[in-house]
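Peer 1: Show me how the following folds:
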Amino acid sequence: MATNKNSLEGVAATKGTTAKVVRFHKIGGPEVLVIEERVLPPPGSSEVQIRIHALGLNRAEAMFRSGQYLEEPKLPGRPGYEASGTVAAVGSSVKGFKIGEAVSVVPSFSLNEYGLYGDRANVPAAAVVRHPTTLSWVEAAAIWMQYLTAYGALIEIAALQPSDTVLIPAASSSVGLAAIQIANVVGAVPVALTRRSSKRRALLDAGAATVIATEEQDLAREVLQLTGGKGARVAFDPVGGPTVAKLAKAMARLGILFIYGALSTEPTPLPLFDVLAKSLTIRGYVLPEITANPQRFERAVQFINTGLANGGLKPIIAKVFPLDQIVAAHQYLESNEQFGKIVVTI
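Peer 2: Have a look, this model is predicted:
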């Protein structure tokens, strides 16, 4: 009698399965990442085991590996927030997922508790979602971090409206490009900020209304000219550092400036006089504000899946690496040369 391959895979996973995983045994640069074979235990009662086809790389994982993230890594560490693949096994209390079903993983857990780099991983069932079937494995591994991050700040919190101007530093990153697309979906005006003008054409092609090269142009003057002297209502900044003062000068009265990252190694000033004169809100923002709130999370997934299905949202892939080139993939991640998402395939 013929045996279903996916069923066999599920049975094997309940007994423990040998998996290739990427770990680091000391904090450091990309070179500390090593591929190892480990026995992956069966999923816990509220977990799903995923046979991974593609991994989306994120700056947070590089910061975690180098000891610069929000949480200190417990060694040996296994990075990895995003993946797409098929369900290999489900925990005893998990409902609604079938062996072999195509799914993707939402970054909604601690990297000290779960990591996805490798060909299999156990993840919390609450972090496993379905994506539009039109997406490739590469695309499906490149959606949740970028679109959830941008959606949460721009839509859930700032309630971005048609004709609002939004400033997007590091616009060529995956989250920056997602912010451009989401702004366009709701009819807002996305202004892409990049250090130099070399990426101007690509950012315009990606949907930016205007591109400002911050090392070549006066940011505040350009924004005020664009907005008829009013300024931008929203800024969405992953960098911090001295540019925060320039962003504040470019903002409208009662504007909101999100800081959701710390890519700059320089101190971040408080632009006190602009904050007072314009009654600005400078707000720290992290993704768990969305993923840990069931109502917000449900709205986010619906918004993103709708946008992916109708073409309003489409992930831009910078480069694809095989798993055995994970060190090179992280080197490229830290080069700042990429335009869009870096993906690793298994």
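Peer 1: export the strand or helix carrying Arg221 as CSV, just CAs?
Peer 2: According to DSSP states H and E, Arg221 maps onto helix 219-226. The C-alpha trace of helix 219-226 is given here as CSV (Å, rounded to 0.1, in the frame of the first residue of the first chain):
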residue,chain,number,x,y,z
LEU,A,219,16.5,67.6,4.5
ALA,A,220,14.3,70.2,6.3
ARG,A,221,14.4,72.7,3.4
GLU,A,222,13.4,70.0,0.8
VAL,A,223,10.5,68.7,3.0
LEU,A,224,9.2,72.1,3.7
GLN,A,225,9.3,73.0,0.1
LEU,A,226,7.5,69.8,-0.9
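Peer 1: Summarise which helices and strands it is packed against.
Peer 2: Counting contacts by 3 or more CB pairs under 8 Å, 6 or more residues apart in numbering; DSSP states H and E, helix 219-226 is packed against strand 165-168, strand 189-194, strand 210-213, helix 243-249. C-betas here are computed from N, CA, C, even on glycine.
Peer 1: and Ala54, how many neighbours does it have?
Peer 2: 22 (other CB atoms under 10 Å).
Peer 1: Provide the backbone phi and psi angles at it.
Peer 2: The phi and psi values for Ala54, taken as degrees, to the nearest 10, are phi -150, psi 150.
Peer 1: Relative to Leu40, how far out is the nearest residue to it once chain neighbours are set aside?
Peer 2: Leaving aside its sequence neighbours, Ala54 sits nearest to Ala141 (CB to CB, 6 or more residues apart in numbering; 3.8 Å). Relative to Leu40, Ala141 is positioned 19 Å away (CB to CB, to the nearest Å).
Peer 1: which residue sits closest to Gly240, ignoring its sequence neighbours?
Peer 2: Counting by CB to CB, 6+ apart, the residue nearest Gly240 is Thr268, at 4.2 Å.
Peer 1: more neighbours, Ala141 and Leu40?
Peer 2: Under the criterion of other CB under 10 Å, the comparison of Ala141 against Leu40 puts Ala141 first, with 32 against 21.
Peer 1: contacting residues around that one?
Peer 2: With contact taken as CB atoms under 8 Å, 6 or more residues apart in numbering, Ala141 is in contact with His53, Ala54, Leu55, Gly56, Glu82, Ala83, Ser84, Ser104, Val343.
Peer 1: And those residues, which is closest to Val223?
Peer 2: Nearest to Val223 out of those is Gly56 (CB to CB; 31.3 Å).
Peer 1: Mind putting the helices and strands packed on helix 219-226 into CSV with mean neighbour count and mean pLDDT?
Peer 2: Below are the helices and strands packed on helix 219-226 laid out as CSV (neighbours: other CB atoms under 10 Å; pLDDT from 0 to 100):
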stretch, mean neighbour count, mean pLDDT
strand 165-168, 28, 98
strand 189-194, 26, 98
strand 210-213, 21, 97
helix 243-249, 21, 97
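Peer 1: Redo those as TSV? Include distance to Leu287.
Peer 2: Below are the helices and strands packed on helix 219-226 laid out as TSV (distance: least, CB to CB, whole Å):
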stretch	distance to Leu287
strand 165-168	17
strand 189-194	20
strand 210-213	26
helix 243-249	20
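Peer 1: Which of these sits closest to Pro73?
Peer 2: That would be, of those and by CB to CB, helix 243-249, which comes in at 27.8 Å.
Peer 1: could you point out which element follows that closest one?
Peer 2: Going down the chain from helix 243-249, the next helix or strand is strand 251-259, by DSSP H and E.
Peer 1: for the very next helix or strand once past that following strand, what is the average pLDDT?
Peer 2: Heading C-terminal from strand 251-259, the first helix or strand you meet, by DSSP H and E, is helix 272-278. For helix 272-278, mean pLDDT rounds to 97.
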